[in-house]
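J.: Based on what follows, work out the 3D shape:
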Amino acid sequence: MEQALPKSRIHLIDEIRGFCILAMIFHHAAYDVVEVFGDKNGLPFLQFCEAVRLPFVFAFILISGLACRLSHSNALRGAKLAVIALLLTAFTAIFMPGQIILFGILHMLAAGMLLFALMRPVLDKCKPWAGIAVCLLLFLLTYRMQEGFVGIPYLLEIPLPESLTKMEWLFPFGIVGEHFYSADYFPLFPWLFLFLLGSFIGVWAKEGKFPKWMYPTRVPFLSFVGKYTLWVYIAHQPVVYGILYVFYQWILPAIS
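T.: Numbers count the residues shown, from 1 in each chain. Below is the predicted model of the structure:
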């Protein structure tokens, strides 16, 4: 029988997730300015976003995995998100082929939710600390897979067989050839292991064992955004693109 969910929402997690999604929006806006609209004046800001993005990505994926322990139906959530991810791929392929998204963060999260639902009977038998240790090790061993290596990053790396990189259908797993391109790319390896690591941390969240100071809300706006990150993520790109389109096509020519 499923354990009852904690009555108190962990607002600090929502606030961190909300901050992460806002950071992603700024990053995507900078990317659009430079890569889509060709304005090189935005390059320093884009370079700054690229330099600081990893901590936000790590936190966002960890929290997404943690949330699986608090969900009533990860299979349903994963299926819905998979449909949205596929629609995003279709949209970019038709309307923005130069910025096509073949396997972005939504694809990875959808796969993570579905795999978590499938593997949950096994995952539930693992002690959280053991699960965290195994996932961390697997994350490190596959961290540079899309660059063609497995092993300890930059210390003890084994090149992937060239025959694997020629199999174009392996891109969801992080095995890609030199001509592969996806504007947003988060393959299952290594990111699935970070997602599952978060799910083991979520065991303690579900049991209500997080420190009390994590439960009250301190920044209501970030908490609100954090509760609805999926919808914010889906909505932000057309909104950002629309604003930038109006600026570069109408406003900037009018004032130049």
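
J.: where along the stretch 51-200 of the chain do the helices fall?
T.: For the stretch 51-200 of the chain, applying DSSP state H, counting those that start in this stretch gives helices covering 74-95, 105-123, 128-141, 162-165, 188-206.

J.: Can you tell me the centre-most residue of the chain?
T.: Per CA atoms, centre = their mean, the C-alpha nearest to the average position across the chain is that of I105, at 4.0 Å.

J.: Relative to Y245, which of the helices of the stretch 51-200 of the chain is closest?
T.: helix 74-95 (12.2 Å; CB to CB). Yep, even glycine has a C-beta here, placed from its N, CA and C like the rest.

J.: just how off-centre is that closest one within its chain?
T.: Relative to the centre of its chain, helix 74-95 is centred 14 Å away, using CA atoms, centre = their mean, to the nearest Å.

J.: In this structure V176 contacts L170, no?
T.: Yes: using CB atoms under 8 Å, V176 is in contact with L170, at 7.5 Å.

J.: circling back to that earlier point, which of the helices of the stretch 51-200 of the chain sits most buried?
T.: The highest mean neighbour count among the helices of the stretch 51-200 of the chain, using mean count of other CB atoms under 10 Å, belongs to helix 188-206: a mean of 22.

J.: hmm, back to that, a markdown table please, covering the helices of the stretch 51-200 of the chain and showing distance to F60 and mean pLDDT.
T.: Below are the helices of the stretch 51-200 of the chain laid out as a markdown table (distance: least, CB to CB, whole Å; pLDDT from 0 to 100):
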| stretch | distance to F60 | mean pLDDT |
| --- | --- | --- |
| helix 74-95 | 14 | 95 |
| helix 105-123 | 8 | 97 |
| helix 128-141 | 15 | 98 |
| helix 162-165 | 28 | 90 |
| helix 188-206 | 10 | 97 |
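
J.: Indicate which one of those is closest to T217.
T.: Closest among the helices of the stretch 51-200 of the chain, once you apply CB to CB, is helix 188-206, at 16.0 Å.

J.: Just the CA coordinates for whichever helix or strand comes after that closest one, please, in CSV.
T.: Remark: after helix 188-206, the chain's next helix or strand is helix 220-227, criterion DSSP states H and E. Written as CSV, here are the backbone C-alpha positions of helix 220-227 (Å, rounded to 0.1, in the frame of the first residue of the first chain):
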residue,chain,number,x,y,z
PRO,A,220,5.7,33.1,-2.8
PHE,A,221,6.4,34.1,-6.5
LEU,A,222,9.1,31.5,-6.9
SER,A,223,7.1,28.9,-5.0
PHE,A,224,4.2,29.6,-7.4
VAL,A,225,6.4,29.3,-10.5
GLY,A,226,7.9,26.1,-9.0
LYS,A,227,4.5,24.5,-8.7
